[in-house]
Structures are given as structure tokens and as C-alpha cells.
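*Asks:* Have a look; sequence and predicted model below, questions after that.
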Amino acid sequence: MHPQGQGIHCRKLERSFESAGVRQPVLRGLDLDADPGELTMLIGPSGCGKTTLISVIAGLLRCEGGSIRVLGQDLAALSSRQLLDFRLRRIGFVFQQYNLIWGLGAAENVAVPLVAAGQDWASATGQATAMLDRLGLADHAHKLPRQLSSGQQQRVAIARALVHDPDLLLCDEPTAALDARAGHHVMELLRGIAVRPGRVVIVVSHDQRVFGFADRIAEMDDGVVVRSERRVATETAYPPASS
Amino acid sequence: MRRHPFMIRVALAMLTHDKAKYLALVAGIAFASLLISQQAAIFWSALRSSTYGVQSASAADIWVMKSNVEILDLADPMREAVVNQVRSVPGVQWAVPYYQALGMVRTRQGSFRPVLVIGVDDATLIGAPAARMVAGDVRCLERPDAVIFDVSGYQQNFPDLPVELGVEIEIGQTRAVVGGFCKAPPAWGGQTVVYTTRSLAVRMSRETENTVSFVLAKSEPGRQPRQVAAEIERQTGLKARASVDFAAEIIGWMLRFSGVAEFFGVTILMGVVIGVAIVGQTFYLFSVENVKQFATLKAIGVDNRRVLGMIFLQASTVAVLGFALGVGAASLFFAWFGPGTGGLRGMNMPVAIFVGTGVFIYLMVVASCFLSIRRVLTADPAIVFRN
């Protein structure tokens, strides 16, 4: 039995969706553990349930069976309001399509989680600009998303995910929309900035070129984790590039 | 709340980042506002103009006429004796004759223009447009040959005549002198309204026997006009109505028989349908396109209450901007074309239409907003993880 610490611990997790009047199981008694201080990569073919799993881990979807503890918290015991607050304060998201707010500048986008949590505008954007600086985007703080390259947009998204220092970072295919060089660079940043003691980092990816950044690889198929093994990351983090 | 201004910034940034869609949304609402307010104002002005005579004779609170008369413009003249009959009814403080007839004005080129000649009581001038004079004074009618012209109709029908007092004209082969100008909507048939004394109006129309179209009466202090009108009917066999009731009956007749309701109703309905279609669909599509952005905010931890607030702010912004532009355009339309152009002369946009259009546009946008909100609130939260 895996110790029930501050990581992610899923046991016999079940979740299904209704399609054409028929319930289709997507997660079929899934077990998963991801420890703090590690980068766990979730891999598997399309449709195997990766997105559903991270949605459940994020509290965006409720599980229908089994149990899930995230950062020591039983998600099933939280009300919708508590789940919202839990996400706001303890989880960061990096999306495949970045999901930046189109009309906001880079620093304003990064500041959104802070302001949503009640921080005032001036200090939030100051903190956001500092985070952008760490990611090599200090000169782009006022630019709109459309004025940034794909790699820069993803770095802004990473800054937004990390600005409130979350204990869990969920990244959904963060390199899928990027070319090999930019994708590699984004993974270097995640490895170098996101991974720290006490923080769980889960990256969903199809991209075999970035598997080397993982401390643990969990392979899913047909709604269950079929293989999960800790490994030594072979790729290392590099200092953030300037572009 | 110190965090609200930033969420306002986020909402407005989402709204305005795509300038083309944003402008299309505002333009759609502006067009709907223009269409609805303009057509409603023309409709209202047309109805209101049909009761203009009743409004002008504000000193009287009772109108007496033959029983077959339904509106001002379709009067059936009576003999002068009816005036004394009305005066003799208990509760009547005073009663005066009022005459109207179609007349022809000869232009300088020798052609004719139809006018509606309204003859007010020679002694009291009750029924004259005292409050609507733009030049001269109603007391000019005390001169034996004086007339007061509606200034817009005068300008339109007699462009070769100077707009000044003292101009001599010929109505029904009777010489008259322009003693004043007033603002009055055209008669229902489009004729320009000309005020004069009843005696001169009778000469212009060459009528000899039936020289009273209506009797205007005033109820004694402390008596209800409706009760006195009923008493007049009982004692004279004529039709008598309190002024407010007569005005309402005229509007009712116009709605039933003139075709104005159908004509303008269809246009206003078109405005509403087009407005709903344009505004509703555009705003709905706008919100649907933003579902993923809202879902991202919800995933990050922004609660539904604030998401709702942002959508309402976006809806209110485009509603207010679109409404202001649309109603502003409608107001300019009336300001430029209303005073002196053909069938639009005398028309304007009252505050009630302005407010009513605003309320309707806002409700329409809010209704679209509700559809959008439903879409946003029921969206699968995991949508943020999809392409």
C-alpha cells in the first residue's frame, strides 16, 4: 500500500459518460500514485482516459466510484465551493492550447489566479511580471497573446500556472502545439522551475521526445494505468532562454 | 470589493479583443434600436397628430358632435343652433362653436394646394394654437382676414412664398393675410393646417347652413366632464365626450380603421424580429465562442457568480453602446427630416419611446445573455483540456 501523503492517490477510480443514451465507462477502476517533488508523466493512446483522469484530479469532474486524495485532501468530501477554492489556491493548470485570455496582456493573464484569489491588481501584476521575468518574458509583459509566438504563449501559460505557487501543477499536452525545439524548451522550463520539493507535477503527453524529463511514467490504456514506474530523469533543466 | 475592477477589465478585454465582432455586435444592437425607436416614434406621432385639435383646444373639456362622427377629420357639420342647446344643459359653464373644412390655396403659379381650415370661435379664439406659435400671436385672428399657418406645411407647399407675416394668399377665393405661424402636425389626409376665425373659415368654404363641426364646452367647476357630457347627450341627442375620452376614441378608430396599426405594427415587429435575430444570435455566438475562456476562468477558480457578473457586464456594455448609437441616429433622423419634410413633418421622438426602446433592447440582450449563461454554466468543465 502506498503511503497516503501529500501526493496524488487514486484507488479504483471510476468515471463514465453518457453517449447516445448509453453510459460509456472511461475510467475503469484506475489506481495511480504521484509523489511530491516529482514530475509524473501520464502517457497513453488517445481516448484512454488521460484527460478525464486529470479533470477528476483537478476537481473539475467528480469520480463515480473509488477514492481520490489530492494533496492530502479527499476530493469527494469537498463541496463545490470548497473544490473551487482548492483549485484556486493549490492547483495550477497548463493547457495544450494555452487558453490565455485574448484581450489581456501577458502580465494581466498571469495575474488572473492572484486577482481571483483576492489579491489587489497592482501587487498581482507586479508578482506576475516577476514570474514572467523568471521565464525570460520580461520584455513581453504588456503584449497581447496574439503578439507572442506559440512558445512564448505557452511560457505565459506556465507563468500563470505557477504565479500563485501551487502544490499541484497539471499540464495537458504542453508541447503538443509546439515544434520540437520550443517543446523541448518548455519542458526544460517545467523541469527547472515547476519541480520543487512538496509540489506534484503531472504532465499528460504523447510526445516521446519529452519522456526523458519524467521522474515517473504512468502508462494508461482503456481507462486504467497499466504500467507505472519511477525512473531517473535523463533530460535536465536549462536556464530559461530569452525568447 | 478591490478585486472587482480587474474582473471588469477581464470581461471588457474578452468583449473587445476581436474588434470586428465587437463592432458587429454593437452595430446590430444600434440597428435594432434605430429601427424600433424610429418606427415606434413615427407610429406614435401619427396617432398623436390625429388628436391634435383636441390637444390644441385645451380650454375645453367636452367635445360635442353629431352621433355619426368618430374622428376630428371626418366631422359632419351641424346648424349653429346646437351651440345654444349645449349652453342650456345644466353643468355647462360655457360652449363655443368650432368649424373645420377643406380649402384650396392658390399658389403664385396658379395651381392649388389643399389645406384644412380650422375656424375657432371669433369671440374667444378657443381652439387656436396659442401654445404652439412660432411667429406672431393668436390674437392676430381678431383681424378680419388673418390666418395662422402651420409653418412646416407652409414651407413645403409654398416654397416660393416668404416665411414672414403679412403675406397675402387666397383660400377658397377669399383673400387672407398670414398673421402668424404655428407648429401643427398635418391633418390625417396630409393637408396643411390653417387656423382662422370661424366666420372667415365659413366664408372660405362657402358653407351657409351647417357651420358648426363641433361644439367645445367646459364643465362647471366641481362637475365631472364625463357626467356633464352624458347629460348633454341625454338632453340634446348629440354625441358628447370628455376631451380625454374623445382623444382615446380617435386613437382607437385610427388603430381599427386607418391601417396605421397594421402598417407600422409590421414595421415595428420587423424591428423587433430583426433586433432579436441580430442581437440574440450575435451575442449568443459571441458567448459561445468565449465558453472556453470562461471555462478556463472557472477551472482556475473564478466562481460562477463572478462569471455571471462578467457576462452581464459584457451584455450591458454592448446594449448601452448600441442603444445610444441607434437612438441617437433615430433622433438625428427626426431632427434633420422631421421639421419640414413631407409626411414626416411635425414628427418627433418622445421620451417614452426613448425609454421604452431602451428597456426593450436591454431585455432583449439580457434574454440572449441568459441563453449564453446557460451554455457557459452547463459547459463541461473539462472542456478546458480539449482542443
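*Replies:* Ah, there it is. Residues are numbered from 1 along each chain as shown, chains lettered A, B, ... in the order given.
*Asks:* When you work out contacts or count neighbours from here on, use the C-alpha atoms and nothing else.
*Replies:* Fine.
*Asks:* Now the helix or strand where A:Gln153 lies: buried residues?
*Replies:* Take DSSP states H and E as the rule and A:Gln153 turns out to sit in helix A:150-162. Residues A:150-162 are the ones in helix A:150-162 that count as buried (16 or more other CA atoms under 10 Å in any protein chain shown).
*Asks:* export these to TSV and tack on distance to B:Ala367 and pLDDT?
*Replies:* TSV is the format used below for the buried residues of helix A:150-162 (distance: CA to CA, whole Å; pLDDT from 0 to 100):
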residue	distance to B:Ala367	pLDDT
A:Ser150	37	88
A:Gly151	40	87
A:Gln152	39	91
A:Gln153	35	93
A:Gln154	37	90
A:Arg155	39	90
A:Val156	36	94
A:Ala157	34	93
A:Ile158	37	92
A:Ala159	37	94
A:Arg160	34	95
A:Ala161	35	94
A:Leu162	38	93
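*Asks:* just the residues you listed now: which is nearest B:Val307?
*Replies:* Closest approach between the buried residues of helix A:150-162 and B:Val307, by CA to CA: A:Arg160, at 18.9 Å.
*Asks:* so how many other residues sit close to the nearest residue in space to the closest one that is not next to it in sequence?
*Replies:* Leaving aside its chain neighbours, A:Arg160 sits nearest to A:Val110 (4.0 Å; criterion: CA to CA, 6 or more residues apart in numbering or on different chains). By other CA atoms under 10 Å in any protein chain shown, 30 other residues sit near A:Val110.
*Asks:* Show the contacting residues for A:Val110.
*Replies:* Applying CA atoms under 8 Å, 6 or more residues apart in numbering or on different chains to A:Val110 gives the contacts A:125, A:128-129, A:156-157, A:159-161, A:163.
*Asks:* Likewise for B:Met310?
*Replies:* Shown in contact with B:Met310 (CA under 8 Å, 6+ apart): B:7-8, B:11.
*Asks:* JSON lines please, covering those and showing distance to B:Val54.
*Replies:* Formatted as JSON lines, the contacts of B:Met310 follow (distance: CA to CA, whole Å):
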{"residue": "B:Met7", "distance to B:Val54": "55"}
{"residue": "B:Ile8", "distance to B:Val54": "52"}
{"residue": "B:Ala11", "distance to B:Val54": "52"}
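*Asks:* Return the closest of the residues you listed with respect to chain A.
*Replies:* Nearest to chain A out of the contacts of B:Met310 is B:Met7 (CA to the nearest CA; 8.0 Å).
*Asks:* Each with direction, which strands does the lengthiest strand in chain B pair with?
*Replies:* If you go by DSSP state E, chain B has its longest strand at strand B:92-106. If you go by DSSP bridges, strand B:92-106 pairs up with strand B:112-120 (antiparallel), strand B:168-171 (antiparallel), strand B:214-219 (antiparallel).
*Asks:* in that strand, what counts as buried?
*Replies:* Under the neighbour-count criterion of 16+ other CA under 10 Å, strand B:92-106 has B:92, B:94-106 buried.
*Asks:* Would you state the strands of the stretch 101-250 of chain B in chain order?
*Replies:* Secondary structure of the stretch 101-250 of chain B (DSSP state E, counting those that start in this stretch): strands at B:112-120, B:133-136, B:146-150, B:168-171, B:174-182, B:192-197, B:214-219, B:239-242.
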